[in-house]
Every structure is written in C-alpha cells, then in structure tokens.
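J.: A predicted structure for the sequence below; I have some questions about it.
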Protein chains: 2
Amino acid sequence: MKFKMMYSFLNSDIDIVEEALEEAVYADSALLQEASLHLLQAGGKRIRPLFVLLAAKFGSYDIHTIKKAAVALELIHAASLIHDDVIDDAEIRRGKLTVKAKWDNRIAMYTGDYIFARSLELMTEIEKADAHIILSDTMVELVIGEIEQIKDKYRFDQNVKDYLRRIKRKTALLISTSCELGAICADVEKNLQTKLARFGYYVGMSYQIIDDILDFTSTEKELGKPSGSDLLQGNITLPVLFAMEDVSIRKEIVKVHEKMPRKEMDQIIKMIIRSGAIDKSRNISNRYLEKALELVEEFPQNQAKTALKNIAKYIGKRKY
Amino acid sequence: MKFKMMYSFLNSDIDIVEEALEEAVYADSALLQEASLHLLQAGGKRIRPLFVLLAAKFGSYDIHTIKKAAVALELIHAASLIHDDVIDDAEIRRGKLTVKAKWDNRIAMYTGDYIFARSLELMTEIEKADAHIILSDTMVELVIGEIEQIKDKYRFDQNVKDYLRRIKRKTALLISTSCELGAICADVEKNLQTKLARFGYYVGMSYQIIDDILDFTSTEKELGKPSGSDLLQGNITLPVLFAMEDVSIRKEIVKVHEKMPRKEMDQIIKMIIRSGAIDKSRNISNRYLEKALELVEEFPQNQAKTALKNIAKYIGKRKY
C-alpha cells in the first residue's frame, strides 16, 4: 500500500493543513516569506501533522481547531531543519538547495527564528494549558538534543544509549508530542492521551533509526542528498555503532572526517553495509515498532487506528 | 542620580529576577548552561524586567507571578542578542567575548534557540491568553525587524522612515511589550495597560536612537566594542542618515565596507560627529521622550510612576 493511501479519508483535511501552512508564514517581507516557503514547498511526509490529526480522531475532532496544532508542529519541525542545515553546512535537503545554500547562514538563522515565532503565534489560539506546557518542554529537549549532537560529532567512543537518548530528543519526542497535542485538542480521554503519546514515541524512535539506516542503504536520488552524509558530518548513528563492534572496521571509521574523498567514503559505506550492522539496527527499530503495534491494539476501533497501524508498519519497511 | 538609585525600592525584587534568570537556563548539558549564562552574567541593564516590574506596580503586584514575565522577556532579549552576534559576526558584547566568539556559530545558534525555548516554558506558567498573543506577535515582529536589518545593510539609499520602522521592530516593541505584560500579569485596568504599552514604545524608540548615537560618540571602553561598529557592519542608523544629507560626507560614507581600515573609519566617525547629525538625532530621540513624559503624567501617582519618569529622563541623557 502506498503511504498516502493509508490515510485517504484525511485527504481533504491534509489539504486544509497544507493551505494553513503556507498562510502561516505569510510575511510583509518578501524575502522572509520566500525563504520560509522554500522548505515547506519542497514537500516532506507531513508525519507530524498526520499524527496530530489521527490522534484527534479518538476525540471530538474539529479540523479547524486541530489544524492549528498540526501546522504549529510542522513549523517547529521545519524551523529546526533549517537551523540544522546551518549547523551541518548542508547544501541539499528534499532534493532542493537548503535555505542556507540558496541564501546564506544569516537568512537561514532568521528564517528558522521566524517560522518558530509564527508557530507560537498559532499556538496562542489553542486554549489548552497542557498543550503549551508539553510543547515548550519538547522544544527545550529538542534543542538539547541538537546541541548534544554537535558535542557528540566525530566522538567515536559513544555508545548505543547515547545514541538512543539523542534520537529521542531529536525526533521521537516531537512525534510523541504530535500525538499528544492532537489528543489534547480533541479532548481525548486522559488515559488514551498518554497511550497515544507513548505510541508516537515508539514510532518516532523506529522512524529515526530507519532514517539512519537509509543514509547508508539508499541512493543519492532516493535520499535527495549523497549517501553516508550523516557519517561524513560526524553523526555517529546506530549502524555506525554496530559496525564499529568489528575492530578492523572501527579502525577505518574513526578516520572519517568532513573532507574525506568520496571514493574512501564509499568504501566505508560498503564496509558498514557488509558488516551486518544494518540488520542489527533494523532489529532495534523493529523492537520499537512491535511495542507501538502492541499498544495500538488497546486503542478503540476506528479508521484512525487502522491508519496508525499501517503507518507504523510502513515506517518500518520504508525505502526512503 | 545613578540609574540603579531610580528604582531602589525594587532592589530585592530585581535580585529575585536575577536568581530566576540563572535558574531558567539550568541545563543537564553543561555546555548549554555555560553558554547561556555567559551573556546573562555579563550584566546588562535589565531594562525589560525593570519595565515589567514597574508596570505591574500599577496593579496587584506579586513578584512571584511577575518575575516569570520579567525573566521570559529578558531571555527573549538575550536569545536575540546571541543570534544577532552570529549575524553581525561580532566578537565582543558587554565587554566580553560573544557566545559565537567564545564557542562558535553553531553553539551560538542553539544557545539562542535554547534560551528562547526556556522563555516559552516559563511563559506557560502565566495563564493570561492576552500575554501569549502579544508576546508571540512581538517575537514575529522582532525577527522581521532583524531580517529587514540584514536586507538594509549597506543600503545607503534608505530613509528615516525605514530606520524608524526597523528600530520599532528591533527594540521598541519588546520594551513596549515588557510594560504591557507587566500590566497584564498584575491585572492593571485596560486603559492604563494601553498607556503603559505606549509609554514603553516611546521610551524604546528613544533608547535605540541614543544607542545608535553612542555608537559614534562613546569610547571603546564605554561601549565594550569599537566605536562605529554599527556602521562598519553596514547598519545605517539615524546619525548616518542625517550626516549623509551633506553630499560630501555622503560620498565618504558610501565607501564604508566591513574590512575598512580603522584609520579611515575613525575619519568617517569624526565627520559624522562634526556634521551636526548627532544633535539632529538627539532631537528625534527627545521628541519620543517628551511624548513618554507627557503620557506618564496621566498615570496614577506612586513610586513606580516616579521611577518611570526618572528612567525615561536618564535614557535621554545616558552616556553608555
């Protein structure tokens, strides 16, 4: 089943979210608007808005309330990507030039700040104290995750626990918060709210591990950026950690640096793929997915439950 | 009268704010905490918290509620300074290395993001919908002001209106919002809330114009950075705009570029000072101050009113 088919009953609502996304970054400053739309219009799976909407389906669903949380979360995600690209000095994202590459670091920094501020403006329209507390806590953790990622760059002596804590902050929390905010905005019953948040966390962990696997196993065309980019930038992901268990591979990996020639990098990618590290990583991802799928069984039966199940399964198998 | 003497009745409350400021940026990440404290501990006048407290004195003042808004606003200000220093490639602020100089641009970007997120966390403790709307609107305007400042750099054909709009966004709005949030948090009567906000706007405009004058008239020691830094970075401020009314001075000013030798820059600074542009700028600043001082007369009589009056006058005369 194609990804988009899993939630076709939400199609018109996703369109509403898309429109609201563009509207949200409307600015008197043409430059700011153009830079903001640049990433948003490059696509993306809209995983976060989707989870907001699906979680809300377990309560009193009103798209015109829910869309605010959906848009706010996608904007926070977009702002963090734009800042990440400054940090990582990344040229390409979603197959297009990054904001920092098309304009410059300064524009990218303020574009991120702007999108962030716009998302807060939207959030003020949501009159749920819980939602604000959870979201601001998540943002704090998100930034801590990002700074830890900088600190941990090219630090080859880190372990799996370090990695899992980092991706929790960097990815899983925001997806968990998407589910939770959707639930809060739709007045979903408290116990189910907590379960939805937990479901989002498991799916988010799995999602990021798969992302980190795909960085090695996908083609440049599929990724929209050269394969092995994460490692080249010093991000020590799960496949790298597992591959380094083999001392001879470890010896090669620790030589990685930003300016490493493509040919040498390709050799290292091959080594990692052959080492069995990909399967080991996929096993960890699957463990999170299984927990997600167990939990989802406890949700009341509706279209959203089926969609969440299919999306979780898709995430585990996706190729890009 | 010394600045601090003008609000000595608030001394213990300012201490509470200082403590809360440090507490607010507590982080598990030592790096993040150190980088956050770096700027905060370098001092600063705490104008924004001060205005929050003073405005609140016209309502039901409770320092333990009010301090949250005071800290949130100082944090937003700090975060924006840290990002500005990345943009301006500034080495020195408040006589100390900037975050971007002591660490690097990446750390500075995330430190700004972190402080920003922490301020939002604090704001969630304030259960006033108005306060959130005003603050998020202000943040959007603040960022637009910053991006306009980049766009307007070395743009010698701009006019006084462009300048005034920019400093409104960059400075005056946040000071206005400080007054307004203080008033809202203390349930000050609506009409007086609006007046306090307007007062903050006038004072903020005057404050920034004086700041832009001091960039030319103060010594490096007083400024904590070389004089003429703004112009060297391409920021066309009010004294520059007035000085350029003289065609012969304009011819020299348009030559300014980032790498201009110190000696040539010093010549240009002298020209600007001799041109009468400083007095003209001070006149504009004084007009805003007069409006502020007229408005303050309408406030009910109390210690805060006297303090606001003295602070407004001090701002007009301050030497650094």
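T.: Here it is on my side, so go on.
J.: my guess is A:Asp13 contacts A:Leu53. True?
T.: Yes: using C-beta atoms under 8 Å, A:Asp13 is in contact with A:Leu53, at 5.9 Å. Placement of C-beta: from N, CA and C, glycine included.
J.: any common contacting residues for these two?
T.: By C-beta atoms under 8 Å, 6 or more residues apart in numbering or on different chains, A:Asp13 and A:Leu53 have these common neighbours: A:Ile63.
J.: who has more neighbours, those two?
T.: With neighbours defined as other C-beta atoms under 10 Å in any protein chain shown, A:Asp13 and A:Leu53 compare such that A:Leu53 has more, 27 against 21.
J.: measure that one to A:Met6 for me?
T.: 12 Å (C-beta to C-beta, to the nearest Å).
J.: and what of A:Leu37?
T.: 27 Å.
J.: who's more crowded, those two?
T.: Between A:Leu37 and A:Met6, counted using other C-beta under 10 Å, A:Met6 has the larger neighbour count: 20 against 16.
J.: A:Tyr163 touches A:Leu241, doesn't it?
T.: Yes: using C-beta under 8 Å, A:Tyr163 is in contact with A:Leu241, at 6.0 Å.
J.: where along the stretch 101-250 of chain A do the helices fall?
T.: Along the stretch 101-250 of chain A, the stretches classed as helices by DSSP state H, counting those that start in this stretch are A:105-123, A:129-151, A:160-167, A:173-185, A:190-217, A:220-223, A:229-232, A:238-243, A:247-253.
J.: deepest-packed of those helices, please.
T.: With neighbours taken as mean count of other C-beta atoms under 10 Å in any protein chain shown, the helices of the stretch 101-250 of chain A reach their highest mean count in helix A:173-185, at a mean of 29.
J.: for that one, packing partners?
T.: helix A:47-56, helix A:63-87, helix A:129-151, helix A:190-217 (3 or more C-beta pairs under 8 Å, 6 or more residues apart in numbering or on different chains; DSSP states H and E).
J.: quick one: distance of that helix to the chain centre.
T.: Centre-to-centre, helix A:173-185 and its host chain are 14 Å apart (C-alpha atoms, centre = their mean, to the nearest Å).
J.: equivalent analysis for stretch A:64-74, please.
T.: 17 Å.
J.: residues making contact with that stretch?
T.: Residues contacting stretch A:64-74 (C-beta under 8 Å, 6+ apart): A:13, A:16-17, A:20-21, A:24, A:40, A:44, A:46, A:48-49, A:52-53, A:56, A:119-120, A:122-123, A:125-126, A:131, A:135, A:174, A:177-178, A:181-182, A:185-186.
J.: ditto for stretch A:258-278
T.: The contact list for stretch A:258-278 (C-beta under 8 Å, 6+ apart) reads A:213, A:216-217, A:226-228, A:231-234, A:238-243, A:245-246, A:249, A:252-253, A:256.
J.: A:Glu148 reaches A:Lys168, doesn't it?
T.: No: using C-beta under 8 Å, A:Glu148 makes no contact with A:Lys168, being 10.6 Å away.
J.: chain A against chain B: which residues are in contact?
T.: By C-beta under 8 Å from any C-beta of the partner chain, the residues of chain A that approach chain B are A:27-29, A:31-32, A:83, A:86-87, A:105-107, A:109-111, A:113-114, A:116-118, A:120-121, A:123-124, A:127, A:129, A:132-133, A:136-137, A:139-140, A:142-144, A:146-148, A:150-151.
J.: and the helices and strands packed on helix A:173-185, which one is worst for confidence?
T.: Note on the helices and strands packed on helix A:173-185: lowest mean pLDDT is at helix A:129-151, with a mean of 88.
J.: counting contacts, what elements does that one pack onto?
T.: helix A:63-87, helix A:105-123, helix A:160-167, helix A:173-185, helix B:30-40, helix B:105-123.
J.: now do the buried residues in the longest one.
T.: Judged by neighbour count (16 or more other C-beta atoms under 10 Å in any protein chain shown), helix A:63-87 contains these buried residues: A:63, A:65-87.
J.: so that helix versus helix A:129-151, what angle?
T.: When axes from the mean of the first three to the mean of the last three C-alpha atoms, to 10 degrees is applied, the directions of helix A:63-87 and helix A:129-151 differ by 20 degrees.
J.: measure how helix A:63-87 sits relative to helix A:105-123, angle-wise.
T.: Using the same axes, to 10 degrees: helix A:63-87 against helix A:105-123 is 160 degrees.
J.: ditto for the third one
T.: Between the direction of helix A:160-167 and that of helix A:105-123, the angle (the same axes, to 10 degrees) works out to 70 degrees.
J.: show residues contacting helix A:160-167.
T.: In contact with helix A:160-167 (C-beta under 8 Å, 6+ apart) are residues A:145, A:148-149, A:152, A:205, A:208-209, A:212, A:236-238, A:241.
J.: what is the nearest of those to A:Gln303?
T.: Nearest to A:Gln303 among these: A:Met205, at 25.0 Å, using C-beta to C-beta.
J.: residue contacts, that closest one?
T.: A:164, A:167-168, A:171-172, A:285, A:288 are the contacts of A:Met205 under C-beta under 8 Å, 6+ apart.
J.: ok, A:Leu54 touching A:Gly182?
T.: Yes: at 6.9 Å, A:Leu54 counts as touching A:Gly182 under the criterion of C-beta under 8 Å.
J.: these two touch, right, A:Gln303 and A:Phe9?
T.: Yes: under the criterion of C-beta under 8 Å, A:Gln303 makes contact with A:Phe9 at 5.3 Å.
J.: make a markdown table out of the contacts of helix A:160-167 and add distance to A:Arg93.
T.: Below are those laid out as a markdown table (distance: C-beta to C-beta, whole Å):
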| residue | distance to A:Arg93 |
| --- | --- |
| A:Gly145 | 18 |
| A:Glu148 | 21 |
| A:Gln149 | 16 |
| A:Asp152 | 21 |
| A:Met205 | 22 |
| A:Gln208 | 16 |
| A:Ile209 | 20 |
| A:Asp212 | 16 |
| A:Ile236 | 21 |
| A:Thr237 | 17 |
| A:Leu238 | 21 |
| A:Leu241 | 25 |
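J.: which one of those residues sits closest to A:Leu196?
T.: Closest approach to A:Leu196 among the contacts of helix A:160-167 (C-beta to C-beta): A:Met205, at 15.3 Å.
J.: quick one, phi psi at A:His257?
T.: Reported as degrees, to the nearest 10, the phi and psi values for A:His257 are phi -140, psi 170.
J.: who's in contact with it?
T.: A:Tyr154.
J.: next: A:Ile92.
T.: A:98, A:101, A:224-225.
J.: how near is it to A:Leu39?
T.: Taking C-beta to C-beta as the measure, A:Ile92 falls 12 Å from A:Leu39.
J.: what touches both of those two?
T.: By C-beta under 8 Å, 6+ apart, the residues touching both A:Ile92 and A:Leu39 are A:Thr98.
J.: excluding its backbone neighbours, what's nearest A:Pro300?
T.: A:Phe58 (6.6 Å; C-beta to C-beta, 6 or more residues apart in numbering or on different chains).
J.: assumed that neighbour was part of a strand.
T.: No: per DSSP: H, G, I helix; E, B strand; the rest coil, A:Phe58 lies outside any strand segment and is coil.
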